[in-house]
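# fold the following for me, if possible:
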Amino acid sequence: MGERALQIGVDDATLVGAIAAKVGLSGHAAVAVADERDAEHARRAAAAAGALVDVAVAPLDALPFPDDGFDVIILQPAGFAQRLGAAPGVVREAFRVLRAGGRLVIIEGRGLGFAGRPRGPVPSDPGATLSALNAAGFKATRVLAEREGYRFIEGMKHLS
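Predicted coordinates:
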């Protein structure tokens, strides 16, 4: 309760409402998406959960948020691990908008996301994701868990 949470990308729209419910009325929940189609999915999910969520449509490598604006960031766009070579700007932007002491959680998964979009499979080696986090400045990067086709990876933004 009371935290400022940002979700980057919308693969599983139900996550939008779950995050917003965790921060409660005293916190702030936001979602950044690359296009209006994803924004509409996020808005519908927030409405279904009865949650207040700010939805921003912007390039994911140029987020429209201030430096150090969030306590936690969840990154779950489809196929993220497979596109890391093409998306280091997303990780750098997450680092920029995350407060010192905050954490980034990446959810890699398989199966179907919203609107039946297939998600990419979990890569056999989390090394590329961990390397991208380290290159952006995240510390204490680690795999938190692997369960039921999902992998949860965390990186911390250390106090300066």
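# and residue 130, what is it in contact with?
For residue 130, the contact set (CB atoms under 8 Å, 6 or more residues apart in numbering) comprises 141, 142, 143, 153. C-beta here means a position set from N, CA and C on the backbone, and glycine is covered the same way.
# separate out the buried members of those.
The neighbour count (16 or more other CB atoms under 10 Å) marks 141, 153 as buried among those.
# identify the farthest-apart pair in the contacts of residue 130.
Taking CB to CB, the two most distant members of those are 141 and 143; they sit 8.7 Å apart.
# which neighbours do the two share?
By CB under 8 Å, 6+ apart, residue 141 and residue 143 have these common neighbours: 130, 153.
# and the one helix or strand in the chain whose mean pLDDT sits lowest, how far out from the chain middle?
Least confident helix or strand, the chain: helix 14-23 with a mean of 86, by mean pLDDT, DSSP states H and E. Mean-position distance between helix 14-23 and its chain equals 12 Å (CA atoms, centre = their mean, to the nearest Å).
# now do it: which elements does it pack against?
strand 4-8, strand 28-33, helix 36-49 (3 or more CB pairs under 8 Å, 6 or more residues apart in numbering; DSSP states H and E).
# residue 157: which of those is closest?
strand 4-8 (12.8 Å).
# where does pLDDT dip in the chain?
77-87, 110-123, 160 (pLDDT under 70).
# buried residues in the least confident helix or strand of the chain?
Quick answer for helix 14-23 (16+ other CB under 10 Å): 15, 16, 17, 19, 20, 23.
# got the helices and strands packed on helix 14-23 as JSON lines, with distance to residue 92 columns?
Output for the helices and strands packed on helix 14-23, formatted as JSON lines (distance: least, CB to CB, whole Å):
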{"stretch": "strand 4-8", "distance to residue 92": "12"}
{"stretch": "strand 28-33", "distance to residue 92": "14"}
{"stretch": "helix 36-49", "distance to residue 92": "21"}
